[in-house]
Every structure is written in structure tokens, then in C-alpha cells.
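Enquirer: What follows is a predicted structure for the sequence shown.
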Amino acid sequence: MTGAEGQSDGAPVDPSVAVPEPSAAAVAVFGPAVDQAARYVAMLAGDGVVRGLIGPREVPRLWDRHVLNSAALAEVVPQGARVVDVGSGAGLPGVPLALARPDLTLTLVEPMARRVEFLQDVVTELGAPWRVVRGRAEERSVVRAVGPVDVVTARAVAPLPRLVGWCRGLLAPGAQLIALVGARAAAEVPDLVPELEAAGMRDVHTRAVGVELGAAATTVVLMTRAHTSRSGRSAG
Ligand SMILES: C[S@@+](CC[C@H](N)C(=O)[O-])C[C@H]1O[C@@H](n2cnc3c(N)ncnc32)[C@H](O)[C@@H]1O
């Protein structure tokens, strides 16, 4: 479970916990979409907490630790890309990414019903053009519905080798998998490269993003689906 998600343990949600206003950094990142981003933050702090998708203690740090941290991905996603956010949970990182980058076509993939309901509510509330698909990334029905895309994003879904296995069917040859990771997972990446390459990925590397965002700065692992696997077979 990510820091974003947490049972509210039946504890009453304290309505006095103020949702912070968007910072200057948020205004810069989201531009004209900053009001939508603020509505999304309010939904996370309200319904998201009530439905157990966000731990109540996360409310004061929703902007930095979750929303801006997710939007930091914007600097590594190619223009006009078709993006699938796998294991989106309450919409992270997909929703902030697509608000910061309206040129992207976004699909949110999530297997759990109550999270899918919340995602559909977010799409309706924000009047956004995003698709929500219920299911697991590796399921045939999901692969058929979502089709091969240019970029798969994920945050706190699974260790990288497992994530690659789940996402293979969604990644067109040459497409990128971009995972938001913590410092410890980033440090483990060099050791995982042989395994990830054997699974058909290349150019595996880490990159710091959102450096100008201060507390919201983070690290991403990027990798590209090879056109052929290391054995020389066509990646299919
Ligand atoms: C720890 S949560 C992270 C949610 C969100 N990405 C975030 O950072 O707040 C992991 C999410 O991955 C979803 N998930 C688990 N296995 C999955 C799979 N095979 N395909 C797609 N999503 C999956 C879970 O239902 C859950 O919502």
C-alpha cells in the first residue's frame, strides 16, 4: 500500500483538517488547469478519505507528496502520447499528469471496484476526456480494450520486474514504461537491468524529475520496450 492509500480505520474524518491552497509551483505546473487540480485535491481529501483511498494523515501533504509529485512526470512524457496509468488507485499519477499535459490521451486502469467508482466520479466532476477501464493490466480483456500505447505509467504498483510482466501487452514496441519510485527502489535499478532486459526492455535508466518543485521532486525509472527480445525473437 502506498502512502497515498490507507484505510481510514473507521476513524471519523476530521473536517477541520484544511486542504492546502495550490502553491505557486502548482499554478506554474497546471497553468489554466489549476482549478481542476484543486477540485481533484478536494475530492481526494473528501470522498477519497471517506472511501479509504487516501489516508487521513495525507491530507495536508496532498499537493506536494501526491499531486505535484505525479505531475512531475510531465517532463518525460512525449508530446501527444497515448498514456495508460496502470494501478491508478485514486488517480495517481495519471490524473495530475493529464491535467498538466492536456495533449495526452489518458486511460486509467484499476482492478478494484471502489477505486474505479472514485475514478469515474473524478472524470465526471472534472469533465475530463479520460477513459477508466476496470481490470488488471495483464488481463486479455484489458489489453484488448486499451490496445498498445506509447507510454505506461505506474506508481507504487509492483516491483519493476513484475510490473514489466504485467504491462507487456500494453506496450507497443518502442513504447516507454515510466515508473515513479522512491529512493530505495531507484538505487536497486542497476541490479535489475539484466532481468528487465531479458524481459524485453532496453534503455533502463533513472532520472530525477520535478527538481524545481522542491518537496515534490521525485525519481522515475524509464525503460523502452525492445522491438526484439534479447533472444532475437520479435517482441510480440
Ligand atoms: C499501492 S496502490 C497505488 C495506487 C496509485 N498508483 C498511487 O500511487 O496512489 C496499487 C494499485 O495497483 C492496483 N493493482 C494491483 N495489481 C494490479 C494489476 N495487475 N493491474 C493493474 N492494477 C493493479 C491495486 O488495485 C491498487 O489500486
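Expert: Yes, it's here.
Enquirer: Mind jotting down where the strands sit in the chain?
Expert: Assigned by DSSP state E, the chain shows strands spanning 82-86, 105-110, 131-134, 149-155, 171-181, 201-209, 218-225.
Enquirer: hmm, the last one touching the ligand?
Expert: This means strand 218-225. No - applying Cβ under 6 Å from any ligand atom, one finds strand 218-225 separated from the ligand by no less than 11.3 Å. Where you see a C-beta, it was placed from the backbone N, CA and C, and this is true even at glycine.
Enquirer: Give the partner strands of that strand in its sheet and their orientations.
Expert: In the sheet, strand 218-225 lines up against strand 171-181 (antiparallel), strand 201-209 (antiparallel) (DSSP bridges).
Enquirer: same thing with the first one?
Expert: Strands adjacent to strand 82-86 in the sheet, as given by DSSP bridges, are strand 105-110 (parallel), strand 149-155 (parallel).
Enquirer: Work out which residue lies at the spatial centre of the protein.
Expert: Among the residues of the chain, the one closest to the centroid is residue 93, at 2.7 Å (Cα atoms, centre = their mean).
Enquirer: Residue 90: how many residues sit nearby?
Expert: Using other Cβ atoms under 10 Å, residue 90 has 26 neighbouring residues.
Enquirer: er, residue 184 I mean
Expert: Neighbour tally, residue 184, other Cβ under 10 Å: 7.
Enquirer: Next one: it relative to residue 222, how far apart?
Expert: For residue 184, the distance to residue 222 equals 18 Å [Cβ to Cβ, to the nearest Å].
Enquirer: ok so, going back, just put the strands paired with strand 82-86 in CSV and tack on distance to the ligand.
Expert: CSV is the format used below for the strands paired with strand 82-86 (distance: least, Cβ to the nearest ligand atom, whole Å):
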stretch, distance to the ligand
strand 105-110, 5
strand 149-155, 4
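Enquirer: Rebuild those as JSON lines, extending it with mean pLDDT.
Expert: What follows is those, written out as JSON lines (pLDDT from 0 to 100):
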{"stretch": "strand 105-110", "mean pLDDT": "98"}
{"stretch": "strand 149-155", "mean pLDDT": "98"}
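Enquirer: With distance to residue 228 and mean neighbour count added, can I get the ones you listed in CSV?
Expert: As requested, the strands paired with strand 82-86 are exported to CSV (distance: least, Cβ to Cβ, whole Å; neighbours: other Cβ atoms under 10 Å):
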stretch, distance to residue 228, mean neighbour count
strand 105-110, 26, 25
strand 149-155, 19, 24
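Enquirer: Turn these into TSV, columns for distance to residue 197.
Expert: As requested, those are exported to TSV (distance: least, Cβ to Cβ, whole Å):
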stretch	distance to residue 197
strand 105-110	25
strand 149-155	17
